[in-house]
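**Student:** After the sequence you'll find the predicted model.
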Amino acid sequence: MENLEITATKSSPEIKFDASNYTLSIAGESYPENTSQFYEPIYKWVDDCIDALGDKKMTMDIELIYFNSSSSKVLMDIFDTLEDASDEGKNIIVNWIYDKENDSALEYGEEFAEDMEALTFNLVEKP
Amino acid sequence: MLSREEKFIEEFEVLLKTEKKNDSTGNVFYEISEKKLKKLFKGYKRTYKQLTKIIRISDRQQDELNHKSQKVKSLLDNADQGFLSFGPDYLIDDEYSQECVKLLGEDLSGENIADILYPDNVAKNLFFRDTLENASNEQSEMIREVMLSLLPKELLLNRRAIKVDYKCLTGQQFMLVLTNITKEKILERKIQQEQEILKMIVAIVRDPTQFYDLKDDYLTYSANKLSFVNQNLSFSSNLSEIYRDIHTFKGSFAQLRMQGCVKELHVLETTLSNLKTGDEHSNNELVQILEQVDFHVWIEKDLDIIRKILGEDFFDKQHKLTVDDAFMFNIEEKITHLLHSDNQHVTTYENILSEINKAKGVTINKALSSYPKLCLDIAESLGKNIFEFQVSGGADILMPLHFKPFFKSLIHLFRNAIDHGIEDIDTRLEAGKSELGVIACHVEDHSEYIKIIISDDGTGINIEALKQKAVTANIFSQEQLARLPEKEILALIFHEGLSTNDEVNELSGRGIGMSTVKAEIEKLSGNIEVESHLGKGTIVSLKIPIAIYGNLINIASNKQDNITIEYILSPIVNRVTTYLQSDMNININKKAKFSYTHIEKVAVKQFTSYIHISGLVEVSVCMSYDLFLLDKILEEFNHGETIAKEELSDYRESVSMEVLNIIVGNALFNPYDKSILEITSPVITVFDELCSHDMNEKIAHVIVDTEFGEMQILVGRF
């Protein structure tokens, strides 16, 4: 597992993997031309991370201002994977970061958090 | 993205194939473990949940997007600027801001932007399309910017001034940003008007006398406007006369920057100009036009502004000045009378007269002094540059009062020199000339006459173009022009209605100004000579006999009668020439020059009339004609109608006297100094020769040789 950084573009978010701390952050807007292709390495990283995690803590910070439907599907698949892993006893935290001014962002976070039982899904107001 | 769901479906398909069983009755059933079923159910449930979430999020996002675009639209709609875009087909896209509707009209979607911006101007419409097409094909952003900068930045549409910014968007799309700048333009115009008013005030304050005179002349003209249509004259000669008056007024008001008057007079001038072509009109029509004209209303607007700024006082001062002037004039007149009757104190009287003139202070130089500044103004308004200059000479010569209209008419000459003579800077530099044009005005004192020389170092008169105009205007035929010397062709610039400039503006171009100069100088028995070199410039020399009235006093008192006779003779000969050529259409044979021969006894022709002049000088003027020439004049008088034989002799006598009366009257009559000369009625003489009263006194004798025979002019005491 290696570190990886993808810089943001107008239509895709900034991605940062930090292998030593098991952290992943996604920030920006997400409506890439080919969503599956863009998120492919993230799926892979998440799977690898869960395998390597052991009893360590994994953190995923997400701060998305705008995202298309394909992106939301990708996110939900990742959350489901994390939920399953948490169900199996893994220590995983998702921080959904939203702007106080942006009502929708909070609502999307609430939507994603729903039905997540084992996974710690925090809604975090941006400082 | 949907790989899990696809796997899930695959798994289902395999299940349907592999686990298919048949019971004894032939019913199909599937054997599946609880674990497997639960897994499948879990997968299906998850997909269902994801789907409902996605739908909710998507709906929510749609709302948010709508809200945001509404916000952007509202921002743009309230920006007081029009935003619109269009593609290579010039059809306006659906999204445009509200201000576009205000500026360009409703329902813009799908309309052609080129046709909306340039509905009537095909050339501009095409230029707009071509420029945008070229810009959209251009790769370099810089060149594209340059191309777009060629498009007009301001448009006048639906009575609004609109500023247009052009932007290149991606995908061959263009965007226009429209700003309504009508208010700014109105403000700009107001500032300009204020500046114009300021210039007017400065011009008036600089030369108040000129303003008072012009105002009074104009108002007098206004009050007597109908009297200028002389029912005894033809429509066209009345029209010409009035047209010239209006043109001169316009020029004089322009000199004082009285724009209100200038504009109205310009319109009237155009109306009159239109009457010149087309069907013959009647004098009554001219009267009707003049009746409808409110000359005094036109000036009132300008006067109101002047009154507001300079105060009512300014107009009061004028009256004081007029009283002064009239008072001096009275004294002058009385002294002139005394001078005539009391020969013993000539020097004293002369000194007083000279003092009065000095007090009035109008020297020839001063009379011209406003022109240099005016020339700079004219040059500026035409976007040209000239050196500052001063009128040289003429500082010791007093200007006779009746010279005023002539001096006023010179405005046309100066204007012409700048407008048609001086070239723009680029042309001048190319021609190796100084950047600034040179206009010069010099006065020469030849004691019996003055010469005003006005020159420019401009483009010169294009003789070929002038000839062409003369032919087009039916003034001369090609053949006649070929025979004319250059000087006379150049003199055509003073012909009424002939301009070498095709464009009529408020300054020049109607070809009327120059003819005004000619008409005015002829009233003073002067003449004009033009010298012009193509590319080098033009020199106009104006020669005016100045001594005829002023010096007459000295001459009469000194009893130098021979000189006196010449002073009388010169304007009369000048008059005869113009009269025969312009009024009678009779050509004068130039080969035979005028000869001044002093002889004691002269044989005269059959029809001879004379007129007696008294006052400062005692002298008679006599004219006699070859019969053929007299009949030609008679024919012209009678408009070609034949005269019964028995009446012919009477007619010839009348015409002979009438011509003499007209010529002497016009040449010597001075409306300002009626006391100086008195002219009796003409008389027919029965003698066939004339002798001098005194053997020592001689008769001046001039023969004018015309195409129809000779005419004699004699001046002397007989």
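**Tutor:** Now that the structure is in, tell me what you want to look at.
**Student:** Okay, A:Lys100 and chain B: tell me how far apart.
**Tutor:** Between A:Lys100 and chain B the distance is 16 Å, computed by C-beta to the nearest C-beta, to the nearest Å. C-beta here means a position set from N, CA and C on the backbone, and glycine is covered the same way.
**Student:** So in that sheet, which strands flank the strand ranked longest in chain A, and in what orientation?
**Tutor:** For chain A, the strand that runs over the most residues, judged by DSSP state E, is strand A:57-67. Looking at strand A:57-67 with DSSP bridges, its partner strands are strand A:23-30 (parallel), strand A:91-98 (parallel).
**Student:** Now the first one: average pLDDT?
**Tutor:** It refers to strand A:23-30. Across strand A:23-30, pLDDT averages out at 94.
**Student:** next structured bit after it?
**Tutor:** Next helix or strand after strand A:23-30 toward the C-terminus (DSSP states H and E): helix A:35-53.
**Student:** Quickly find the element holding residue 73.
**Tutor:** If you meant another chain, say so; for now it's chain A. For A:Lys73, the host element (DSSP H and E) is helix A:69-87.
**Student:** Not quite, go with chain B.
**Tutor:** If you go by DSSP H and E, B:Lys73 is part of helix B:34-77.
**Student:** now check that helix, is it near chain A?
**Tutor:** Yes. If you take C-beta under 8 Å from any C-beta of the partner chain as the test, helix B:34-77 does meet chain A, through B:46, B:49-50, B:53-54, B:56-58, B:60-61, B:64.
**Student:** Separate out the buried members of those residues.
**Tutor:** Applying 16 or more other C-beta atoms under 10 Å in any protein chain shown to the residues of helix B:34-77 next to chain A, the neighbour count classes B:46, B:50, B:53-54, B:57, B:61, B:64 as buried.
**Student:** Columns distance to B:Asn180 and pLDDT on top of the residues you listed, output as a markdown table?
**Tutor:** Output for these, formatted as a markdown table (distance: C-beta to C-beta, whole Å; pLDDT from 0 to 100):
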| residue | distance to B:Asn180 | pLDDT |
| --- | --- | --- |
| B:Arg46 | 59 | 88 |
| B:Gln50 | 52 | 91 |
| B:Lys53 | 49 | 92 |
| B:Ile54 | 47 | 91 |
| B:Ile57 | 43 | 91 |
| B:Gln61 | 37 | 88 |
| B:Glu64 | 33 | 88 |
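**Student:** List, one by one, the residues from chain B near chain A.
**Tutor:** Where chain B comes near chain A, counting by C-beta under 8 Å from any C-beta, the residues are B:1-2, B:4, B:46, B:49-50, B:53-54, B:56-58, B:60-61, B:64.
**Student:** right, and the pair among those residues with maximum separation?
**Tutor:** Using C-beta to C-beta, these reach their maximum pairwise distance at B:Arg4 and B:Glu64, which is 28.1 Å.
**Student:** Surely B:Glu529 touches B:Ser541?
**Tutor:** Yes. Look at B:Glu529 against B:Ser541 with C-beta atoms under 8 Å: they come within range, at 4.6 Å.
**Student:** relative orientation of the longest strand of chain A and helix A:69-87 in degrees?
**Tutor:** 160 degrees (axes from the mean of the first three to the mean of the last three C-alpha atoms, to 10 degrees).
**Student:** Apart from its chain neighbours, what residue comes closest to B:Leu368?
**Tutor:** Leaving out its chain neighbours, the residue that sits closest to B:Leu368 by C-beta to C-beta, 6 or more residues apart in numbering or on different chains is B:Val391, at 4.4 Å.
**Student:** hang on, the earlier thing: so which of the strands paired with strand A:57-67 gets nearest B:Asp245?
**Tutor:** strand A:23-30 (79.8 Å).
**Student:** Go through the longest strand of chain A and flag the buried ones.
**Tutor:** Neighbour-count burial for strand A:57-67 flags A:58-64, A:66-67 (criterion: 16+ other C-beta under 10 Å).
**Student:** what are the ranges of the helices in the stretch 251-400 of chain B?
**Tutor:** Here the stretch 251-400 of chain B has its helices, by DSSP state H, counting those that start in this stretch, at B:259-276, B:283-292, B:295-310, B:312-341, B:346-360, B:364-368, B:371-381.
**Student:** Show me what the shortest one packs onto, helices and strands only.
**Tutor:** Just to be clear, that refers to helix B:364-368. Using 3 or more C-beta pairs under 8 Å, 6 or more residues apart in numbering or on different chains; DSSP states H and E, the elements in contact with helix B:364-368 are helix B:404-416, strand B:439-445, strand B:449-456.
**Student:** Need these in JSON lines (columns: distance to A:Tyr39).
**Tutor:** Output for the helices and strands packed on helix B:364-368, formatted as JSON lines (distance: least, C-beta to C-beta, whole Å):
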{"stretch": "helix B:404-416", "distance to A:Tyr39": "82"}
{"stretch": "strand B:439-445", "distance to A:Tyr39": "83"}
{"stretch": "strand B:449-456", "distance to A:Tyr39": "84"}
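**Student:** Could I get the phi/psi values of residue 88?
**Tutor:** Picked chain A for this. Dihedral angles phi and psi of A:Glu88 (degrees, to the nearest 10) take the values phi -90, psi 10.
**Student:** Wait, chain B was what I had in mind.
**Tutor:** The phi and psi values for B:Pro88, taken as degrees, to the nearest 10, are phi -60, psi -20.
**Student:** Was I right to think it contacts B:Glu133?
**Tutor:** Yes. Between B:Pro88 and B:Glu133 there is a contact under C-beta under 8 Å: 7.3 Å.
**Student:** returning to what we had before: so which of the residues of helix B:34-77 next to chain A is the closest to B:Asp80?
**Tutor:** Taking those together and measuring to B:Asp80 by C-beta to C-beta, the closest member is B:Glu64, at 27.5 Å.
**Student:** want to try a markdown table for the strands paired with strand A:57-67, with mean neighbour count as columns?
**Tutor:** Below are the strands paired with strand A:57-67 laid out as a markdown table (neighbours: other C-beta atoms under 10 Å in any protein chain shown):
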| stretch | mean neighbour count |
| --- | --- |
| strand A:23-30 | 19 |
| strand A:91-98 | 20 |
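**Student:** What pLDDT is listed against the residue of the stretch 551-700 of chain B found nearest chain A?
**Tutor:** Closest residue of the stretch 551-700 of chain B to chain A, C-beta to the nearest C-beta: B:Ser582 (85.0 Å). B:Ser582 carries a pLDDT score of 80 in this model.
**Student:** pLDDT wise, what is the residue in chain A positioned nearest to chain B at?
**Tutor:** Here chain A gets closest to chain B at one residue, A:Ser36, 4.3 Å apart by C-beta to the nearest C-beta. On the pLDDT scale, A:Ser36 is placed at 87.
**Student:** since we're on it, how many residues are nearby?
**Tutor:** Here the count is done by other C-beta atoms under 10 Å in any protein chain shown, and A:Ser36 has 14 residues near it.
**Student:** Tell me how far it lies from A:Lys10.
**Tutor:** Distance, A:Ser36 to A:Lys10, using C-beta to C-beta, to the nearest Å: 19 Å.
**Student:** Off-centre distance for stretch A:47-63?
**Tutor:** From the chain centre to the centre of stretch A:47-63 is a distance of 10 Å (C-alpha atoms, centre = their mean, to the nearest Å).
**Student:** Show me what that stretch is in contact with.
**Tutor:** A:1, A:21-28, A:75, A:78, A:81-82, A:85, A:90-98, A:126 (C-beta atoms under 8 Å, 6 or more residues apart in numbering or on different chains).
**Student:** No further queries at this time; thank you.
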